[in-house]
Structures are given as structure tokens and as C-alpha cells.
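Undergrad: just to be clear, the model below is a prediction. Sequence and coordinates:
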Amino acid sequence: MIPTHRDANLSDGELHSTEAWQWLDDELYARFDGRTIAPGLYEGFYRDPDTKGRVPDQSRRYIVAVRQSGVGDLRAVLALACGVFQQKCIYLSIAGQVEFIEAKPDESNPGAP
Amino acid sequence: MNRTQEHLDLKGRSHSLADLDAGERALVQELTDYAGCHGWNDYSNFWMAKVGEFYGKRGLGRREVLRTVVYRLAQDLDSRLAISEGLARPPDYRDDLADLIRTRFRTRREFCEATGVSEDMLSHVLAKRKHLAIDTLTEALGRIGYTLHIAPLPEAKAS
């Protein structure tokens, strides 16, 4: 699930730039040969672990076909996505098992020379 | 956008269509037509599958497909749809900065050491909480061989 807005506490709560969505598309295409986006937006809310406040959000739901051996790679993309999309964590569901992937501080950039 | 010879993307970059073959031109037309009458999610699913299938048959690897004009054009149409539906915003210099750091530097710290921008300031800028003054940005970019430029603002519509 990728929220349509940046985290208001971590960032400014505004819409992502088209660059962020393009980055995600590039990563998913290059690493996993594509993705499917579920119709519509997913409305929800959660309790912010830092502010303790209730935060409503809307997200795009991405579906990615990944072999067992590629799950670690998917987690790595989502850890980077936390930075790109300015999220504290990103919801990931693998075969019904839910995880929250967090950003890693100043992680090495895989695209760098 | 000049429909026959070039495509001007949201960042004002020109992509030449002159070297596209007949198959690629037909694909561009199909993508443009589809974007003109479908929503963002529908088009997002359509273009990536179409472009991947098209170049897959030609034996291109995924990394090669990413560099094709058709992939970039298809993705630009996707971005325009997102903006027109009020679900994304056009990129600004901070997005370019983030992209530069991702692709040219191993870490943010390495970028900061090269440019003289403090890590704290960079963190605020990339989180969209602060802006860099234009002279500070110009000086920092100059230290790593980059500069700013002013580009025309393209229309956001996908068709």
C-alpha cells in the first residue's frame, strides 16, 4: 500500500511528486518485471506511533508477483520507498502475512555508481 | 507536444520521436489514445504491460526497456493523468535533488560532504519542510558539476 500523501509528521502531508511514482514504477519493472495496481484508492486510518493521533489516509494498492527468493528484494525496495514517499513505514502483505517495512537511515543507494 | 517529432515531458525535457520505427509509433499512438479515455490506475496497468510486452518480443532486457523513449513517454502520460486527477503534483527541484543523490551518491552523507550542505538541512529539504536559498543551491550544485536551469512549464493533460 502506498499512501497518496507524504506523512504529515515526518514531512508536509502533501501529494507526492510524479517523480516518486515514476521511481517506484522503474524499480518494480526493473526488479520484478511489472506490477498491477488495484482499482480505486484504499481509504483507511491508523494511529501514528509518535503523535498517537488518528491519521486518515488513502493509498494505491500494488500487487507484485515475486518468487520466494525475491521477497528480500521487495522489502529492500519498500525500505527505500519509505524515504522516497516520506513514510514512517509501508504496509506489506505477503500471502496474508502483514509486515510494516521501515526506512533504514541513510541506506546506500543501489543506483549510485 | 509536437505529435510527430518530439515529446516534451513534465520536466521540460524533449524526447525525439524521429527515430521511432513504425511499430513504436503505433504503440505510442495506442498509449496516447488509451490515456485520453481512461483513469490513472487503468492507464498505469495498461502502459507498463503493453510496453513490456512490446520490447520483450524484441528481446530487450528490462533495464534496456527503461531507457527507451517509448517507456519514458508512456510514463510521462501516466504522470500527467495523476496530476489531472489531483493525485500527484509536478516535480520541483527537491525531487531532482533526491534523484541526483539516489543515482550519483552512495549516501546522503557523501552528497553533503561533496556539496557543503549540512545533513540536517538536507534532511529538511528532502522532507519538503524547508527550501534551500537559490544562491546556496547554486553554489552547492556547482561543487559537484551541476547547475540550475529554467524550463518551460508543460501542460499537465495526458492527451
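TA: Good, I have the coordinates.

Undergrad: any regions of chain A where pLDDT drops low?
TA: A:105-113 (pLDDT under 70).

Undergrad: what is the burial count for the residue in it positioned nearest to chain B?
TA: Going by Cβ to the nearest Cβ, chain B is nearest to A:Thr18 of chain A, at 3.6 Å. (Glycine included, C-beta is placed from N, CA and C.) Per other Cβ atoms under 10 Å in any protein chain shown, the neighbour tally for A:Thr18 reads 26.

Undergrad: any idea of the pLDDT on the residue lying closest to it once chain neighbours are set aside?
TA: Leaving aside its sequence neighbours, A:Thr18 sits nearest to B:Ser79 (Cβ to Cβ, 6 or more residues apart in numbering or on different chains; 3.6 Å). We have a pLDDT of 96 for B:Ser79.

Undergrad: what about the strands in chain A?
TA: Counting by DSSP state E, chain A has strands at residues A:2-3, A:36-37, A:42-47, A:54-60, A:62-63, A:89-94, A:97-102.

Undergrad: partner strands of the fifth one, parallel or antiparallel?
TA: Read that as strand A:62-63. strand A:36-37 (antiparallel) (DSSP bridges).

Undergrad: cool, the first one as well?
TA: Strand A:2-3 has the following sheet partners, assigned by DSSP bridges: strand A:54-60 (antiparallel).

Undergrad: what angle do the partner strand and strand A:42-47 make?
TA: Strand A:54-60 and strand A:42-47 are oriented at 150 degrees to each other (axes from the mean of the first three to the mean of the last three Cα atoms, to 10 degrees).

Undergrad: show me which residues of chain A sit near chain B.
TA: A:4, A:6, A:10-12, A:14-23, A:25-26, A:29-30, A:33-41, A:60, A:83-84, A:86, A:106-109, A:111-113 (Cβ under 8 Å from any Cβ of the partner chain).

Undergrad: just the buried ones from the residues you listed?
TA: By neighbour count, with 16 or more other Cβ atoms under 10 Å in any protein chain shown, those hold A:4, A:6, A:10-11, A:15-23, A:25-26, A:29-30, A:34-35, A:37, A:41, A:60, A:83-84, A:86, A:109, A:111 as buried.

Undergrad: for chain B, give the residue positioned nearest to chain A.
TA: The minimum distance from chain B to chain A, using Cβ to the nearest Cβ, falls at B:Ser79 (3.6 Å).

Undergrad: I'd assumed A:Trp21 was in contact with that residue.
TA: Yes. In this structure, B:Ser79 is within contact of A:Trp21 by Cβ atoms under 8 Å, at 6.9 Å.

Undergrad: where do the contact lists of the two overlap?
TA: Listed as contacting both B:Ser79 and A:Trp21 by Cβ atoms under 8 Å, 6 or more residues apart in numbering or on different chains are B:Ala88.

Undergrad: what would the strands of chain A look like in CSV with distance to B:Ala49?
TA: CSV is the format used below for these (distance: least, Cβ to Cβ, whole Å):
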stretch, distance to B:Ala49
strand A:2-3, 19
strand A:36-37, 9
strand A:42-47, 22
strand A:54-60, 17
strand A:62-63, 13
strand A:89-94, 22
strand A:97-102, 26
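
Undergrad: how is chain B carved up into domains?
TA: B:6-84, B:93-143 (automatic domain parsing).

Undergrad: now the terminal residues of the last one, how far apart.
TA: According to Cα to Cα, to the nearest Å, domain B:93-143 extends 17 Å from its N-terminal end residue to its C-terminal end residue.
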